[in-house]
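>>> coordinates only, sequence not included:
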């Protein structure tokens, strides 16, 4: 059976945004625009069907679901890196 997985770029964008709590800093780290990070995160939110961040103007915060996902995604990306 084929696994249905979220896009890797979206997971990377989410993890960087979650770690920095800033789409701008995530964009700098991944050498893309802030808009690209925002789009990737929005796509991931649509893919999972849940909000991962609370957006308040220029500030962002993780939702409870986003916090749990961040831990798992960070571990998975670390494993892939190793």
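Cool, got the structure. Computed from a prediction, not measured in an experiment: that's the story for all the values here.
>>> what's the offset of the longest helix along the chain from the middle of its chain?
If you go by DSSP state H, the chain has its longest helix at helix 64-81. Helix 64-81 sits 9 Å away from the centroid of its parent chain (Cα atoms, centre = their mean, to the nearest Å).
>>> Now that helix: buried residues?
By neighbour count on 16 or more other Cβ atoms under 10 Å, the buried set for helix 64-81 is 66, 69, 70, 73, 74. Every residue, glycine included, has its C-beta placed from N, CA and C.
>>> Which residues are in contact with the closest residue to residue 43 other than its chain neighbours?
The shortest distance from residue 43 to any non-neighbouring residue, by Cβ to Cβ, 6 or more residues apart in numbering, is to residue 10 (5.3 Å). Residues near residue 10 by Cβ atoms under 8 Å, 6 or more residues apart in numbering: 40, 41, 43, 44, 47.
>>> so the third one makes contact with residue 7?
Meaning residue 43. Yes. Here residue 43 reaches residue 7: they are 7.0 Å apart, a contact under Cβ atoms under 8 Å.
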